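Chemist: Dropping a prediction and its sequence here:
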Amino acid sequence: MVNPSFVMDAERSLAGCLLVDPAETLRAVRGAVSAGDFLNGNAAAVYTAASALVAADKSIDPVLIQEEAARQGTQLSNEFCGEVMRLYCTTANAAETARVIHEAAQARAGREIGLSLADDTLTPVEALGRLQALLREQGSRLHTPMEAANAVMDYINAAASGETRPFLTTGFPSLDRQLAGGLVAGGLITLAARPGTGKTTAALAIAENVATAGGKVLYISLEMTEAQLWACRAASLSGLSRSAIYGGRIAAQEWGRLTNAFDCLSRRPFFIRDTPSTLEDIEREARCLDNLALIVVDHIGLVKPTAKGSRYELMTDTAHRLKQLALSLRVPILGLCQLNRQSEQRDSKRPTMADLRDSGAVEEDSDVVCLLFRAAQYLPEDERPKPWESQPIDFIVDKNRHGSTGLATMSFCGYNARITEGNYGRS
């Protein structure tokens with residue numbers, strides 16, 4: 001924690017810079033600090049008055065700053081102005097001084113939230129909301145056009161050299177190609193399908209590929225238990241039946257394969273939460289895990305509401321806040337979503353974005369909408385593949401902010417919860 005006396009000195013020093021060289025100082029600190037960040041009322045008044053004069057394109061000097069401050073209700077004494085002006089050496093450190101003042105203000109605000117939570121003035125949900133607002137505020141300083149151009153060029157160079165990855169690979173080359181590289185960092189990717197199509201199997205396959213490559217995964221399961229998910233994961237890795245694994249029906253000669261699968265899976269950074277969860281629960285879990293690569297929410301229609309509203313309003317709020325969380329953490333969020341029955345009433349049965357259940361906001365907030373389709377689901381019973389036989393599953397990219405729309409088809413096997421690039425692959 002920054003020493004309070006050091007912060008007060010920083011505020012007085014910045015006030016001195018503003019009085020001696022207001023225009024240059026404001027250019028250096030604009031957006032990095034606000035009047036509300038100051039503990040010293042006189043220093044805050046200097047900042048506010050100088051900002052007002054510059055914004056109005058008026059002449060500016062110490063006397064005019066005093067006059068503007070007085071007009072706004074604060075009398076700045078000659079003694080105070082003279083004292084802080086004597087502290088002035090250079091504006092070179094003004095930006096760093098402003099950063100210290102702003103971060104100290106953020107720390108004070110955080111402590112106040114903690115104290116309010118401790119004495120029950122705020123509920124946990126309200127406290128979390130205020131903390132999230134503080135976090136968003138920390139990144140709110142606008143860049144000048146030159147700063148933005150330089151920052152983006154640095155990013156492009158870093159992406160070109162491999163130092164930065166704008167996309168997280170799904171582990172499926174045909175799907176990555178269709179998505180222009182994979183799951184976009186900071187994006188909400190919606191994976192939608194009718195029940196029983198294979199949403200969870202597909203999400204687990206992508207998440208498993210990420211974890212296998214060393215990326216940390218947070219899987220929010222609101223439909224299946226952790227044990228059921230582990231059975232799916234172990235089945236995919238071992239080739240054994242997922243229902244047999246979950247039911248404990250393991251033949252003697254299969255135990256070695258199962259044990260090896262669990263040993264391998266236990267070494268991967270794959271974290272599962274399988275309890276009923278609100279958006280606040282999901283946000284808290286995500287922020288508690290450092291260096292996340294991917295968040296999966298299975299599925300977003302089961303996120304517990306914390307407010308009243310129609311189904312449409314609740315889904316709208318869920319989609320919007322998941323997108324904001326993805327942006328805040330700079331990681332992709334893969335959100336699973338149910339489709340309504342409209343697609344099954346059509347001859348082709350092939351889904352479109354119009355079939356998203358309850359909310360057009362899911363479509364609006366998503367960077368990518370990917371619809372799953374298995375034609376074998378709609379065959380007559382006697383023509384369907386056997387459970388252990390592979391069949392094609394289509395990943396229909398119906399919206400893509402960062403690339404084109406299109407199709408990637410892969411191989412699905414429900415018996416062992418496995419999706420692979422196979423003979424069906426095309427893009």
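Modeler: Now that the structure is in, tell me what you want to look at.

Chemist: who touches whichever strand in the chain runs longest?
Modeler: For the chain, the longest strand by residue count, based on DSSP state E, is strand 391-400. Contacts of strand 391-400 with the rest of the structure, by C-beta atoms under 8 Å, 6 or more residues apart in numbering, involve 175, 178-180, 197-198, 202, 350-353, 363, 366-376, 385, 403-413, 419, 424. No exception for glycine: its C-beta is placed from N, CA and C like everyone else's.

Chemist: Inside helices: which ones of those?
Modeler: Secondary structure defined by DSSP state H assigns 175, 178, 202, 363 of the contacts of strand 391-400 to helices.

Chemist: what separates the residue lying closest to the third one once chain neighbours are set aside from residue 391, distance-wise?
Modeler: Computed as C-beta to C-beta, 6 or more residues apart in numbering, the closest residue to residue 202 that is not its neighbour in sequence is residue 419, at 5.7 Å. For residue 419, the distance to residue 391 equals 11 Å [C-beta to C-beta, to the nearest Å].

Chemist: These two: which is more packed in?
Modeler: Of the pair residue 419 and residue 391, residue 419 is the one with more neighbours under other C-beta atoms under 10 Å, namely 27 against 18.

Chemist: from memory that one sits against residue 408, does it?
Modeler: No. At 11.0 Å, residue 419 and residue 408 do not qualify as touching, with contact defined as C-beta atoms under 8 Å.

Chemist: any shared contact partners between those two?
Modeler: Taking C-beta under 8 Å, 6+ apart as the contact criterion, the common neighbours of residue 419 and residue 408 are residue 172.

Chemist: Lowest average confidence across helices and strands of the chain, where is it?
Modeler: Of all the helices and strands that make up the chain, helix 124-138 has the lowest average by mean pLDDT, DSSP states H and E, namely a mean of 63.

Chemist: what helices or strands is whichever strand or helix holds residue 14 leaning on?
Modeler: With elements delineated by DSSP states H and E, residue 14 resides in helix 4-20, which encompasses its position. Using 3 or more C-beta pairs under 8 Å, 6 or more residues apart in numbering; DSSP states H and E as the contact test, the elements touching helix 4-20 are helix 22-29, helix 41-55, helix 62-71, helix 78-86, helix 94-118.

Chemist: switch to 6 Å and redo it
Modeler: Helix 4-20 is packed against helix 41-55, helix 78-86, helix 94-118, with contacts defined by 3 or more C-beta pairs under 6 Å, 6 or more residues apart in numbering; DSSP states H and E.

Chemist: Identify the bridge partners of residue 395.
Modeler: With beta bridges defined as DSSP bridges, residue 395 has these partners: residue 372, residue 408.

Chemist: Got the confidence number for it?
Modeler: pLDDT, residue 395: 90.

Chemist: residues of the helix or strand containing residue 315 that come out buried?
Modeler: Using DSSP H and E, residue 315 maps to helix 311-329. By 16 or more other C-beta atoms under 10 Å, the buried positions in helix 311-329 come out as 314-329.

Chemist: Return the member of those residues nearest to residue 335.
Modeler: The shortest gap between residue 335 and any of those belongs to residue 322, at 5.8 Å (C-beta to C-beta).

Chemist: Would you mind measuring from that closest one to residue 331?
Modeler: Relative to residue 331, residue 322 is positioned 11 Å away (C-beta to C-beta).

Chemist: what do you get for residue 165?
Modeler: Look at residue 165 and residue 331: by C-beta to C-beta, they are 11 Å apart.

Chemist: The two: which has the busier surroundings?
Modeler: Between residue 165 and residue 331, counted using other C-beta under 10 Å, the more crowded position is residue 331 (23 against 13).

Chemist: SS state for that one?
Modeler: Look at residue 331: counting by DSSP: H, G, I helix; E, B strand; the rest coil, its state is coil.

Chemist: For the residue nearest to it when sequence neighbours are not counted, give the beta-bridge partners.
Modeler: Distances taken as C-beta to C-beta, 6+ apart put residue 292 closest to residue 331, at 5.0 Å, once the chain neighbours are dropped. Beta-bridge partners for residue 292, by DSSP bridges, are residue 216.

Chemist: residues touching the most centrally placed residue in the chain, list them.
Modeler: Among the residues of the chain, the smallest C-alpha distance to the mean C-alpha position (C-alpha atoms, centre = their mean) belongs to residue 326, namely 1.4 Å. For residue 326, the contacting residues are 186, 187, 188, 333, taking C-beta atoms under 6 Å, 6 or more residues apart in numbering as the criterion.

Chemist: where does the stretch 251-400 of the chain have low pLDDT?
Modeler: Residues of the stretch 251-400 of the chain that meet the criterion pLDDT under 70 lie in 343-344, 357-360.

Chemist: that older thread, using CSV, write out every CA atom in the helix holding residue 315.
Modeler: What follows is the C-alpha trace of helix 311-329 in CSV, where atoms were taken according to Å, rounded to 0.1, in the frame of the first residue of the first chain:
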residue,chain,number,x,y,z
ARG,A,311,-36.7,-14.6,-20.2
TYR,A,312,-35.6,-12.3,-23.1
GLU,A,313,-34.4,-9.7,-20.6
LEU,A,314,-32.4,-12.2,-18.6
MET,A,315,-30.8,-13.8,-21.6
THR,A,316,-29.9,-10.3,-22.9
ASP,A,317,-28.3,-9.4,-19.6
THR,A,318,-26.4,-12.7,-19.5
ALA,A,319,-25.0,-12.4,-23.0
HIS,A,320,-24.0,-8.8,-22.5
ARG,A,321,-22.2,-9.4,-19.2
LEU,A,322,-20.4,-12.5,-20.6
LYS,A,323,-19.1,-10.4,-23.5
GLN,A,324,-18.0,-7.7,-21.0
LEU,A,325,-16.2,-10.3,-18.9
ALA,A,326,-14.4,-11.7,-22.0
LEU,A,327,-13.3,-8.2,-22.9
SER,A,328,-12.2,-7.4,-19.4
LEU,A,329,-10.1,-10.6,-19.1
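
Chemist: how distant is it from the center of its chain?
Modeler: Relative to its parent chain, helix 311-329 has a centroid offset of 10 Å by C-alpha atoms, centre = their mean, to the nearest Å.

Chemist: Grab the nearest non-local neighbour of residue 242.
Modeler: If you skip the residues right next to it in sequence, residue 242 has residue 235 as its closest partner in space, 3.6 Å away by C-beta to C-beta, 6+ apart.

Chemist: Next one, pLDDT for that neighbour please.
Modeler: 88.

Chemist: what's around it, how many residues?
Modeler: Other residues near residue 235 number 25, with proximity taken as other C-beta under 10 Å.

Chemist: That one: what secondary structure?
Modeler: Following three-state DSSP, the label given to residue 235 is helix.
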